[in-house]
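# Just a sequence and a predicted model for now, questions to come.
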Amino acid sequence: MPHARKPRQKAYRPKPTRIPMLVKAQYTLEPLEAVIDQIERNGTVDVDQRGMPVFFCNADGGWYESAPAIDGMADFFDMWAIRHGRQFDVTALRQLAARLAAGMPLDGPLVASLHALVPRLRRVASTLDHREAQDLLRGTQINEARKKLEARA
C-alpha cells in the first residue's frame, strides 16, 4: 500500500510583472519632448525658486532639474553606443543641457536636430532589454557621482 504524501505547503506567488521597455522608453523620453515642445510653443521653460530650469515627470509626479537630467540622458546613450560599437551622436542633447544651464536661448537648427534625435532615442530605448537598461542607468549614475566628486576637488 503506497504511503500518503503530505500536501504541498509552498504558496503560489506569481512573478512580478515588468513594464515593457516600450512603455519605459515613453516614460523616459516624455519629459524631454515636453521641454522641447514648451520651448517651441512659448519660448519658455519652467523654473524653480532659484531660477533653474525644471521639468515635471508624469511617471512619479516629481519636479527635476532639466540640465543635469538631459546631460545624464546623453551619457546613457553615449554609453550604449560605446558598448554596442555604434555611432550615435547626442551632441544636440548636450547642447540643450548646456544652454538650459546657462539660460541661453535655443536656435532653430538645434530644435530641428532635437526633433530628429528623439525618434532615434526612442528606437534605442525601446529595444533595450531590462538588465541592460538597468546596467546603463547604474553606469550613468556612477558617472554623475564621479563628476560631482571631480567638481568638488
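That came in fine, so what should we check first?

# can you give me the strands for the protein?
Remark: strands assigned in the chain by DSSP state E are 54-57, 62-65.

# If you count contacts, what does the first one end up packed against?
Using 3 or more CB pairs under 8 Å, 6 or more residues apart in numbering; DSSP states H and E as the contact definition, the elements that strand 54-57 packs against are helix 21-42, strand 62-65, helix 66-84. (Glycine included, C-beta is placed from N, CA and C.)

# Partner strands of that strand, with direction?
Strand 54-57 pairs in its sheet with strand 62-65 (antiparallel), by DSSP bridges.

# Next, the buried residues of the partner strand.
For strand 62-65, a neighbour-count test (16 or more other CB atoms under 10 Å) marks residue 65 as buried.

# what comes into contact with that strand?
Residues outside strand 62-65 that contact it (CB atoms under 8 Å, 6 or more residues apart in numbering) are 31, 46, 48, 52, 53, 54, 55, 56, 57.

# The same query, at a cut-off of 10 Å, please.
Outside of strand 62-65, the residues within contact range by CB atoms under 10 Å, 6 or more residues apart in numbering are 31, 46-48, 50, 52-57, 71, 97, 100-101.

# Give me the lowest-pLDDT entry from the residues you listed.
Among these, residue 57 carries the lowest pLDDT, at 88.

# Pull the number of nearby residues for that one.
The local packing count at residue 57 equals 16, with neighbours defined by other CB atoms under 10 Å.

# Who's the closest spatial neighbour of it, skipping the chain neighbours?
Nearest-residue entry for residue 57: residue 31, 5.4 Å, with adjacent residues in sequence omitted and distances by CB to CB, 6 or more residues apart in numbering.

# quick one on the thing from earlier: I'd like the strands of the chain as JSON lines, with distance to residue 22 appended.
Compiled in JSON lines, the strands of the chain are given as follows (distance: least, CB to CB, whole Å):
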{"stretch": "strand 54-57", "distance to residue 22": "18"}
{"stretch": "strand 62-65", "distance to residue 22": "22"}
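
# I'd like to know which of those strands is closest to residue 88.
Each of the strands of the chain has some distance to residue 88 by CB to CB; the shortest is strand 54-57, at 22.7 Å.

# So what's the gap between the closest one and the chain middle?
On the basis of CA atoms, centre = their mean, to the nearest Å, strand 54-57 sits 12 Å off its chain's mean C-alpha point.
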